[in-house]
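K.L.:
output the structure for:
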Amino acid sequence: MEHRIGQSGIVEADAKQLFRQLLLALDYLHSNCIVHHDLKPHNLLLDAAGQLKVCDFGAARAYNKHDAGLPFSGIYGTVGYIAPELLQGVPLYTTAVDMFSVGLILFEVMLFAYAAFYPPSACLQDDVEFPTPRPSQKHKPVVSADAKRLIQALLQRDPVSRVTAAAALRHPWFHSNKTDP
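P.N.:
Sure, this is the predicted structure:
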């Protein structure tokens, strides 16, 4: 997927199909109490038929569904795709960390611009605002309002407010043919 983003970008209709596949995979993982921990374009492969495959489960962790989350034991993932709560070292985290990564990837795909979520070290403190990914000023693609709202729902700083994979699959973006802003 990383190659396709860099080569020609992905039109919104194709992005819907790919992200539906990604969210279905994550819904399956999350419902089986698995956090991937390293979602990024490089770990999303497209086969010859255009089917999305999630790969590199080296950082994945399983948890007990009766627990409130996974205990923090270090930062896993790739800089630029790590959720704020992991950077802050919260005592427990959830599958919401994967959803933040999905938001950054969708931002990158739809706006043809790297989200550049490299928070300064000061962001490790609770009272500092995390930077908000902004679209490139060079490329001004047309992105539907529904797509923008889904990206915002995925990039909520508060993991409790962040949309889940199951909820994201029900988002209006997947049920609309509109591509106008």
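K.L.:
mind pulling up the pLDDT for the residue in the chain sticking out farthest from the centre?
P.N.:
Computed with CA atoms, centre = their mean, the residue of the chain farthest from its C-alpha average is H66, at 24.6 Å. Among the per-residue scores, H66 shows a pLDDT of 86.
K.L.:
from C33, how far off is it?
P.N.:
Separation of H66 from C33 (CB to CB, to the nearest Å) stands at 9 Å. All C-beta spots, glycine's among them, are computed from the backbone N, C-alpha and C.
K.L.:
which residues of this protein fall in helices?
P.N.:
With DSSP state H as the criterion, the chain has helices at 2-7, 12-31, 84-87, 96-111, 145-154, 165-169.
K.L.:
in this protein, what helix or strand scores lowest on average pLDDT?
P.N.:
Taking all helices and strands of the chain together, the one with the lowest average confidence (mean pLDDT, DSSP states H and E) is helix 2-7, at a mean of 52.
K.L.:
need the winner for burial among the helices of the chain.
P.N.:
helix 96-111 (a mean of 24; mean count of other CB atoms under 10 Å).
K.L.:
now the angle from it to helix 12-31?
P.N.:
170 degrees (axes from the mean of the first three to the mean of the last three CA atoms, to 10 degrees).
K.L.:
coming back round to it: closest to N177 out of the helices of the chain?
P.N.:
Between N177 and the helices of the chain, the shortest separation by CB to CB is 8.3 Å, and it involves helix 12-31.
K.L.:
what angle do the closest one and helix 145-154 make?
P.N.:
Taking the same axes, to 10 degrees, one finds that helix 12-31 is oriented at 30 degrees with respect to helix 145-154.
K.L.:
thought L155 was touching S101?
P.N.:
No - L155 sits out of contact with S101 when judged by CB atoms under 8 Å, with a separation of 10.0 Å.
K.L.:
for the record, mean pLDDT for stretch 15-35?
P.N.:
Averaged across stretch 15-35, the pLDDT comes to 96.
K.L.:
joint contacts of H66 and C33?
P.N.:
The contact sets of H66 and C33 do not overlap (CB atoms under 8 Å, 6 or more residues apart in numbering).
K.L.:
which residue, other than its chain neighbours, is closest to D47?
P.N.:
Taking CB to CB, 6 or more residues apart in numbering, and ignoring the residues beside it in sequence, D47 has K53 as its nearest neighbour in space, at 6.2 Å.
K.L.:
what pLDDT does the one you found get?
P.N.:
pLDDT for K53: 96.
K.L.:
please apply the same query to L155.
P.N.:
pLDDT, the model's per-residue confidence, is 91 for L155.
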